[in-house]
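In: Predicted structure and sequence below. I'll ask about it afterward.
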Amino acid sequence: MNSPLNCLNCNKQFLPVKRQKFCCKNCKIKYHSKKRRKYKNIEIKECPICKNKFELPKFGHIKIYCSKKCKKKGVRYKNYQHSLDMERKRTENNIERVRKLAKALYWKNKDKINSQKRERNKKEIYKIKQKSRNLTKKIIKNNEDLRKMIFNFINCCKTCGSIENLEIHHEIYPIEEEQVRQMIGDKKIYYLCKKCHSKLSRKII
């Protein structure tokens, strides 16, 4: 027979069975709850959502949020961030795919693309030249002094010396009136006959 023992909680005597230390289950629960209270409030943390301080117990799982409401909000926020990250990755992957496809299409249709660019550049250059030609014609018609300057310098074609079928030739194509007058003074806009003008334009092209 085992000798009687005192209960660790209520100090009552009882006959133990095997390694029994408490007289009943309630005494056991009360004793362990008192023991836990001593080491209960070890850490103090802040909730990342509401920023309220709360105490963490030593035993049990580690808490991050102060309540269930804050936990739900935090989980929603994490899921939202995760969805944004996934969308960014998808967009980056799609951009890389589009770049690869664009490169492949460019190398297949390289000649067509270059020919289209040349045609566009030719059209733009032609428009600029036409503007400068029309502007010089207007200036020469309105200003008699500029006419005299041209005819005093060269009364005929600059290359062959013929007087018939004269045309204005531009070495540089200015767009503003002041630039046109400077070019006439510097002898970069002058007269040529049709034959010489066509030959010179073919050489330039």
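Out: All right, it came through fine.

In: any idea which helix or strand comes after the lowest-mean-pLDDT helix or strand in the chain?
Out: Least confident element among the helices and strands of the chain, by mean pLDDT, DSSP states H and E: helix 144-153 (a mean of 60). Toward the C-terminal end, the helix or strand that comes next after helix 144-153 (DSSP states H and E) is strand 166-170.

In: avg pLDDT for that following strand?
Out: Strand 166-170 shows a mean pLDDT of 80.

In: can you list contacts of that strand?
Out: 129, 132-133, 136-137, 140, 156-158, 183, 188-194, 197, 200 (C-beta atoms under 8 Å, 6 or more residues apart in numbering). (C-beta placed from N, C-alpha, C; glycine too.)

In: now swap in stretch 109-120 and tell me
Out: Counting by C-beta under 8 Å, 6+ apart, residues outside stretch 109-120 touching it are Tyr106.

In: Try it again at 6 Å.
Out: Applying C-beta atoms under 6 Å, 6 or more residues apart in numbering, stretch 109-120 has no contact partners.

In: quick one: that stretch to chain centroid distance?
Out: Centroid separation for stretch 109-120 versus its chain: 28 Å, with C-alpha atoms, centre = their mean, to the nearest Å.

In: again with stretch 192-205
Out: On C-alpha atoms, centre = their mean, the centre of stretch 192-205 falls 50 Å from the chain's centre.

In: what does it rub up against?
Out: Against stretch 192-205 from outside (C-beta under 6 Å, 6+ apart): Cys157, Thr159, Cys160, Ser162, Asn165, Glu167, His169.

In: For the first one, which non-adjacent residue is spatially closest?
Out: Just to be clear, that refers to Cys157. Cys193 (4.2 Å; C-beta to C-beta, 6 or more residues apart in numbering).

In: and that neighbour, bridged to which residues?
Out: Leu166 (DSSP bridges).

In: part of a helix, is Lys51?
Out: No. According to DSSP: H, G, I helix; E, B strand; the rest coil, Lys51 belongs to no helix; its state is coil.

In: so where's this structure uncertain?
Out: 1, 35-42, 57-61, 144-155, 202-205 (pLDDT under 70).

In: domains in it, as residue ranges please.
Out: 5-56, 128-204 (automatic domain parsing).

In: from the ones you listed, which stretch is densest packed?
Out: Among these, domain 128-204 has the highest mean neighbour count (mean count of other C-beta atoms under 10 Å), at a mean of 14.

In: now it, how far from the centre of its chain.
Out: Distance, stretch centre to chain centre, for domain 128-204: 49 Å (C-alpha atoms, centre = their mean).

In: Leaving out the residues flanking it, which one is nearest to Lys158?
Out: Going by C-beta to C-beta, 6+ apart, Lys158 has Tyr190 as its nearest residue, at 5.3 Å.

In: and Asn11, helix, strand or coil?
Out: coil.
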